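# Here you go, sequence then predicted model.
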Amino acid sequence: MATAIAAEPVFFRAAVGDPIKVEGKMMYLITVRTNEPLYRNCALPLQVRKRYTEFVELHRALSSLAPPALPLPAIPPKTFLMQTQKSIDARLVAFQALLERVSSDPALRTSPPLARFLEVTLSPAPRDVPRTPPPAYESVHQPETDSGFDSGGNPEPEGAPTEAATTATTTTAALVWSDNPLEAMLAVVNAKPDTPDPSSPGESAK
C-alpha cells in the first residue's frame, strides 16, 4: 500500500544583520527564506539592504494591516547623535522583532508593502482549475419513414402517394372545409380507402 507524502508546511523566515555604511548611511542586510507560494518565482534566498528610514516606512504601512490585538513591535526613534554600536544593536533587535512578527502573519508576509520593501513581484495566488463538465448527450429522434407497403401488406407502386399522406391530405381538407367538428371527423373516417380483399371473387373478376 502506497504511503501518502505529507505536503511541506509553509514557512517564511526573515533575518536582519551585517550593518555596514554605504555612502554615509547605515544599511542593514535582510535575508528571506520561504516556500510561500506567492514567492515561487523569486530568486531565493532573497537578500536586500535597507536603511533605517525604509524600516520606518514599512512599519507605518503594515500598521494599518495588522490586527489591533497584535500590534507591530515598536522601532527605536531616530537619533541625531553619532551612532554607536549600542544604538545599532538596538535597531537590529527592533528590526528583527518586526520581521518575525510579519513572518508569522500570512496576510502581512504576502502584502504589497512588504513586497515593495523586499523589491520583489509576488506571483498570482494559485487557483483551482475548473473541471470541464461532461458533454451532454441528447436523444436523437428518428422520424418515422414509410415502409413502402400498404395496409394490406402489398407493395405500393413507385411514385404513388402513401396511405398516410392520403389520410393527412383528406384530414386537412375536411377540417378546412367543414365548420362542424363532428362532420370533419366523419369525413376523415369515410375518406380512408378500403383495402380490397384479394380473395374476394368479385374483385378478382374485375
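Arrived safely, thanks for sending.
# so where's this protein uncertain?
Scanning the chain for pLDDT under 70 picks out 1-6, 127-206.
# which residues of it fall in strands?
12-22, 25-34, 46-51 (DSSP state E).
# and among the ones you listed, the most buried is which?
Among the strands of the chain, strand 25-34 has the highest mean neighbour count (mean count of other CB atoms under 10 Å), at a mean of 17. C-beta: built from backbone N, CA, C; applies to glycine.
# What are the contacting residues of the helix ranked longest in the chain?
If you go by DSSP state H, the chain has its longest helix at helix 85-103. Outside helix 85-103, the residues within contact range by CB atoms under 8 Å, 6 or more residues apart in numbering are 12-17, 19, 26, 28, 30, 52, 55, 58-59, 62, 66, 70, 72-76, 79, 81, 108-109, 114.
# And stretch 14-27, by the same measure?
By CB under 8 Å, 6+ apart, stretch 14-27 touches 28-32, 49-52, 83, 88, 91-92, 95-96, 99-100, 102-103.
# Next: stretch 77-84.
For stretch 77-84, contacts defined as CB under 8 Å, 6+ apart pick out 26, 52-53, 56, 87.
# so can I have a markdown table of these showing distance to Pro37?
Converted to a markdown table, those look like this (distance: CB to CB, whole Å):
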| residue | distance to Pro37 |
| --- | --- |
| Met26 | 34 |
| Tyr52 | 31 |
| Thr53 | 31 |
| Val56 | 29 |
| Ser87 | 38 |
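# Neighbour-wise, give me the winner out of those.
In terms of neighbours by other CB atoms under 10 Å, the contacts of stretch 77-84 top out with Tyr52 at 20 neighbours.
# residues contacting it?
By CB under 8 Å, 6+ apart, the contact list for Tyr52 reads 26, 28, 78, 91.
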